[in-house]
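Asks: for reference, the sequence and a predicted model appear below.
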Amino acid sequence: RLNEAGLQYLQISIDNIRPDAVSKKSLAVLDSKLENLARYATFQVNVNSVLGGGCRDPEDALAIARRAKELGFSTSLGRLSESMYVAFDSRHLQACLLPDVYHLHRGGSGFETLKLLSGRAVHVFHVNDFPAEPAAAELTDAHRVYPGDGAAPLKQVYHDLRDAGFRGYLSLELFNRDYW
């Protein structure tokens, strides 16, 4: 029915390998459903895990990402450190990261972590901004604003990216309905 409805993209968040008291969104519970999606879906599927949210173990996040790749899905992680961990542990020389201003703030990664990146591992960087209020944990995609209209330390972000060797593309990513 999802194919018939014209669905183009589906994101599924998985928090752990096995269900626990915090989350039942586990790979063990959802794997058969993921297999069905791999078999029948005509739309793109992304599997997301967020360490520090439901996913507390980096090995779980890595296993979830590997399973998603086995099934032909894209994967994403909620924090820059998680993404770097998976990229390093994949041992794939073409592994890359897709950071963005909003998620660095919303996920609690901090902007100073950009200094640890190799610009060669970042082909695209999403630019946007966010207001000073509400607090990061309460922000939604709709809070994203044009670069320079919010509280992000964009000048430092751009300097740190340049110093890290970033020579890729900047992509404006906004989901603020006030701009539509």
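Replies: Looks like it came in fine. As the structure is a computational prediction, the values presented were derived from the model and not from experiment.
Asks: buried set for stretch 162-177?
Replies: Going by neighbour count (16 or more other C-beta atoms under 10 Å), the buried part of stretch 162-177 is A164, F166, G168, E173, L174. Glycine gets a C-beta too; all of them are placed from N, C-alpha and C.
Asks: I figured the fourth one hits D100, correct?
Replies: Yes: E173 is in contact with D100 according to C-beta atoms under 8 Å; the separation is 5.9 Å.
Asks: find the residues that touch each one of those two.
Replies: Common contacts of E173 and D100, defined by C-beta atoms under 8 Å, 6 or more residues apart in numbering, comprise H126, V127, N128.
Asks: CSV for these, including secondary structure?
Replies: Shown next, in CSV, are the shared contacts of E173 and D100 (DSSP: H, G, I helix; E, B strand; the rest coil):
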residue, secondary structure
H126, strand
V127, strand
N128, coil
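Asks: most neighbours out of these, which is it?
Replies: Ranked by the number of neighbours (other C-beta atoms under 10 Å), the shared contacts of E173 and D100 place N128 first, at 25 neighbours.
Asks: contact partners for it?
Replies: D100, V101, Y102, R144, V145, Y146, P147, A152, L172, E173, L174 are the contacts of N128 under C-beta under 8 Å, 6+ apart.
Asks: is the last one in a helix, a strand, or coil?
Replies: With three-state DSSP as the basis, L174 sits in coil.
Asks: you'd agree it is up against A142?
Replies: No: at 9.5 Å, L174 and A142 do not qualify as touching, with contact defined as C-beta under 8 Å.
Asks: one step back: looking at the buried residues of stretch 162-177, which is nearest G72?
Replies: Using C-beta to C-beta, the shortest approach to G72 within the buried residues of stretch 162-177 belongs to E173, at 24.5 Å.
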